[in-house]
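# Make a model of this:
(chains A and B)
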Amino acid sequence: MARQETSDGVTVGIGRHLKAAAEAPLVRRWLAAQPFWVAVAVVLICAVMSWLEPDSFPTRDNFFNITRNFAYIGIMALGMMAVIITGGIDLSVGSVMGLTGIVCGLVLQAGHSWWLAVLAGLGAGALCGLVNGVFVAYVGLPSFVVTLGMLAAARSFAVVLSENKMIYEFGPDGDIFTAIGGGEIAGVSNMVWLLLAMTVVFGFVFRFTRWGRHVYAVGGNEAAARLAGVAVNRIKLQTYTLCALTSAIAAIMVVGWQGSAINALGTGYELRVIASTVIGGANLMGGEGGAFGAFIGATLIEVIRNSLLMAGIDSNWQGAFVGAFIVLAVLLQRIRGSRAD
Amino acid sequence: MAVLELQGISKHFGAIEALSQVDFALDGGEIVGLMGDNGAGKSTLVKIMAGNFPPSGGQMLLEGRPVHFHKPVDARAAGIEVVYQDLALCNNLTASANVFLAREKMRGFGPFRILDDRAMNERARELFDELKSETRPAEKVRMMSGGQRQAVAIARTHLSRAKIVLMDEPTAAISVRQVAEVLDLLRRLREQGMAVLLISHRMPDVFGVADRIVVLRRGHKVADKPIRDSSPEEVTGLITGAIRDA
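Reported below is the predicted structural model:
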């Protein structure tokens, strides 16, 4: 308070206001933003790894693998970002991914066309998201509870539908389907191109549309948004549906890439997805985050994972690192938050 | 003619009588202080005017015509805005984003319409200038002082060209220096011809800006007189019941 009052006293007159606003520098906003520093960390780690492992880390193959491995996590993190900005959470993304993958596999196995498989997958995902959204927005249950229920239910549907078998005989349109998820353009996996495109679209929607503004408003102060006339319930329903849709998109791509659908697909991914958003600057209390954050958060986790593998560290340590990073990221936010308030 | 007139307003919740037979009018260009102890019926009265719930009896006239509000949106559409004690702002958004929340200015054409932040910032700056408040439109509310937050909340009411502003304890949670700032904002609203109802516990604030004072005690109106004919001592007596009515 005291600090703000002195700054009030110093600023006099409208002319200086205009000047201050015009100078509200992009550079300074970037320097204050978490995604920027995460990007710096990614670059640093890559530089160090290239120096330590010049033969295996900075290679085309490894770049291709790293980018593809964070692409589907990043895609899901974009949808998760929307939910987290409203102040909610979606724990069901991994299970929804598993269910969607099985649905796609079954449709292909039955000999239907690739686009019907894609539509069925998106439909299954959207349905899960709608159920989550209705219970959170209109029934008013905590998102943690609702999506925890969906985490169990969707996985169970996946197991039941697949009769606990792997689906790999994809029928006549299987080749097109696997080409979508497994293909590459200009040496970069299709999944990565999709993530890049979706990051741009989500970034645009968050920043420039009325819907995006309202998503932030719901997360900032739900009661105030409601009083102002924001359709809070509808926005929430839409974010959960969108989140499940991104899981479905990720599942369609991954099933295509792997050429098979298993009901365990996506198990435990909720942790990686939520970690990506939090590391990328999302505030679990709502109101803060962005599309680039989801992208760069997913990147950092995968780069670290890859580096640990290359450094010969037992891959079972990854969970410990991801867990530590989530807590560290939230701790950093808390420290920055207490300075801002 | 009064902008807003309440005739014989009563409200009971079950057996509890929160308001009984309250008559009361608000004129444009006037600040009325509404005082009373906790549970005297102040917030019930405000909520009726704001459309949160209907009265059990009596009627409200807006510029002479009877009105019935079913939702807060109805009251707002009729030109009655409430500035809540907790201000109801989104701390994570900028001042102008809060002013324009749910009525954003857009640019572009057809389905390709994006937020017009520049136009919103400019309009918000005009509103803040009208209020003579040093509030930066593009600054986030989180970074603002209590007085600036009040300016943002009041600018919201200004944007819709409200006729009546109900201020719920605007000076309850801010520093002494900012209280002066907020009282100035209220005077600015009066200059512009609005009717302002100031609900407050703080005697000095009410006596500092109000033209008229209304005192409620246990759901009854016990005083309604020009502020110059009253005194803090009398009002204290009216609130506590030491003086029966005046």
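
# any idea where the strands of chain A begin and end?
A:184-185, A:188-189 (DSSP state E).

# residue contacts, the closest residue to residue A:248 other than its chain neighbours?
Leaving aside its sequence neighbours, residue A:248 sits nearest to residue A:125 (C-beta to C-beta, 6 or more residues apart in numbering or on different chains; 2.7 Å). Any C-beta I mention is one placed from the backbone N, CA and C, and that applies to glycine too. Counting by C-beta atoms under 8 Å, 6 or more residues apart in numbering or on different chains, residue A:125 touches A:96, A:99-100, A:244-245, A:247-249, A:251.

# Recalculate using a threshold of 10 Å.
A:79, A:93, A:96-97, A:99-100, A:103, A:154, A:241-252 (C-beta atoms under 10 Å, 6 or more residues apart in numbering or on different chains).

# Residue A:328 too?
Counting by C-beta under 10 Å, 6+ apart, residue A:328 has contacts A:278-279.

# Give me the distance between it and residue B:216.
To residue B:216, residue A:328 is 54 Å away according to C-beta to C-beta, to the nearest Å.

# what do you get for residue A:126?
Distance, residue A:126 to residue B:216, by C-beta to C-beta: 53 Å.

# got it, and residue A:79?
Applying C-beta to C-beta to residue A:79 and residue B:216 gives a distance of 51 Å.

# buried set for the strand or helix carrying residue B:234?
In this structure, residue B:234 sits in helix B:232-240 according to DSSP states H and E. Buried positions in helix B:232-240, judged by neighbour count with 16 or more other C-beta atoms under 10 Å in any protein chain shown: B:234-235, B:237-239.

# what's the model's confidence in that helix, averaged?
Mean pLDDT, helix B:232-240: 89.

# Tell me where chain A is predicted with low confidence.
A:1-25, A:337-341 (pLDDT under 70).

# Show me the residue at the heart of it, geometrically.
residue A:77 (0.3 Å; C-alpha atoms, centre = their mean).

# Am I right that that one is in contact with residue A:282?
Yes: counting by C-beta atoms under 10 Å, residue A:77 does reach residue A:282; the two are 8.8 Å apart.

# Name the residues contacting each of those two.
Residues touching both residue A:77 and residue A:282 (C-beta under 10 Å, 6+ apart) are A:84, A:274, A:276, A:289, A:293-294, A:297.

# Identify the residues contacting residue A:334.
residue A:283.

# Then residue A:99?
Neighbours of residue A:99 in contact, by C-beta under 10 Å, 6+ apart: A:92, A:121, A:124-125, A:127-128, A:150, A:153-162, A:244, A:247-248, A:251, A:263, A:265-266.

# Could you turn the buried ones of the residues you listed into a PyMOL selection?
Selecting only the buried entries of the contacts of residue A:99 in PyMOL, with 16+ other C-beta under 10 Å as the criterion:
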select buried, chain A and resi 92+121+124+125+127+128+150+153+154+155+157+158+159+161+162+244+247+248+251+263+265+266
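
# rewinding a little: give me whichever of the strands of chain A is most buried.
strand A:188-189 (a mean of 18; mean count of other C-beta atoms under 10 Å in any protein chain shown).

# partner strands of that one, parallel or antiparallel?
If you go by DSSP bridges, strand A:188-189 pairs up with strand A:184-185 (antiparallel).

# Name the residues that touch the strand it pairs with?
Contacts of strand A:184-185 (C-beta under 10 Å, 6+ apart): A:64, A:68, A:190-193.

# and which of the residues you listed is nearest residue A:50?
Minimum distance to residue A:50 across those is 15.6 Å, recorded for residue A:64 (C-beta to C-beta).

# neighbours of that closest one, just the number please.
15 (other C-beta atoms under 10 Å in any protein chain shown).

# List the residues that contact it.
If you count contacts by C-beta under 10 Å, 6+ apart, then residue A:64 has A:184, A:187-189, A:192 around it.

# could you redo the last one with a cut-off of 8 Å?
Residue A:64 neighbours (C-beta under 8 Å, 6+ apart): A:184, A:187-189.

# My read is that residue A:41 contacts residue A:297, right?
No: contact criterion C-beta atoms under 8 Å: residue A:41 and residue A:297 do not qualify, at 10.6 Å.

# The two: who's more crowded?
Per other C-beta under 10 Å, whichever of residue A:41 and residue A:297 has more neighbours is residue A:297, with 33 against 16.

# Please report how far the closest residue to residue A:236 other than its chain neighbours lies from residue A:147.
Sequence neighbours aside, residue A:137 is the residue nearest to residue A:236 in space, at 3.8 Å (criterion: C-beta to C-beta, 6+ apart). Plainly put, residue A:137 is 13 Å away from residue A:147 if you go by C-beta to C-beta.

# Just want to know which of these two has more residues nearby.
Counted by other C-beta under 10 Å, residue A:137 and residue A:147 do not tie: residue A:147 has more neighbours, with 30 against 24.

# re earlier: who has more neighbours, residue A:126 and residue B:216?
For residue A:126 versus residue B:216, neighbours defined as other C-beta under 10 Å are more numerous around residue B:216 (25 against 18).

# The more buried one belongs to a strand?
Yes: counting by DSSP: H, G, I helix; E, B strand; the rest coil, residue B:216 is part of a strand.

# What backbone torsions are found at residue A:263?
phi -80, psi -10 (degrees, to the nearest 10).

# List the contacts of it.
A:98, A:101-102, A:155, A:158-159, A:161-162, A:164.

# hmm, back to that, touching both of residue A:137 and residue A:147, which residues are there?
Jointly contacting residue A:137 and residue A:147 under the rule C-beta under 8 Å, 6+ apart are residue A:240.

# Please report how far residue A:193 lies from residue A:115.
Residue A:193 is 19 Å from residue A:115, by C-beta to C-beta.

# quick one, which of the two is more surrounded?
Using other C-beta under 10 Å, the more surrounded residue of residue A:193 and residue A:115 is residue A:193, with 16 against 11.

# Around chain A, pick out the residues from chain B.
B:72-73, B:84, B:87-93, B:97, B:101-104, B:106, B:113-115, B:121, B:125, B:129, B:134, B:136-138, B:142-145, B:148, B:156, B:175, B:177 (C-beta under 8 Å from any C-beta of the partner chain).

# Might you list the low-confidence residue ranges for chain B?
For chain B (pLDDT under 70), the answer is B:1, B:85-87, B:173.

# Report the central residue of it.
residue B:166 (1.7 Å).

# Just list whatever residues bridge to it.
Beta-bridge partners, per DSSP bridges, of residue B:166: residue B:82, residue B:197.

# Please apply the same query to residue B:66.
residue B:61.

# Could you list which of the contacts of residue A:125 belong to helices?
Residues of the contacts of residue A:125 located in helices (DSSP state H): A:79, A:93, A:96-97, A:99-100, A:103, A:154, A:241-252.

# How about residue B:32: what's its closest non-neighbour residue?
Closest to residue B:32 by C-beta to C-beta, 6+ apart is residue B:212, at 4.9 Å.

# quick one: the one you found and chain A, what's the gap?
28 Å (C-beta to the nearest C-beta, to the nearest Å).

# all strands of chain B, in order?
Using DSSP E, strands in chain B cover B:4-13, B:16-26, B:30-36, B:57-62, B:65-67, B:80-83, B:106-109, B:112-115, B:164-168, B:195-199, B:212-217, B:220-226.

# what sits up against the fourth one?
Looking back up the chat, that one is strand B:57-62. So strand B:57-62 is contacted by B:2-11, B:21-22, B:48-49, B:66-69, B:78-80 (C-beta under 8 Å, 6+ apart).
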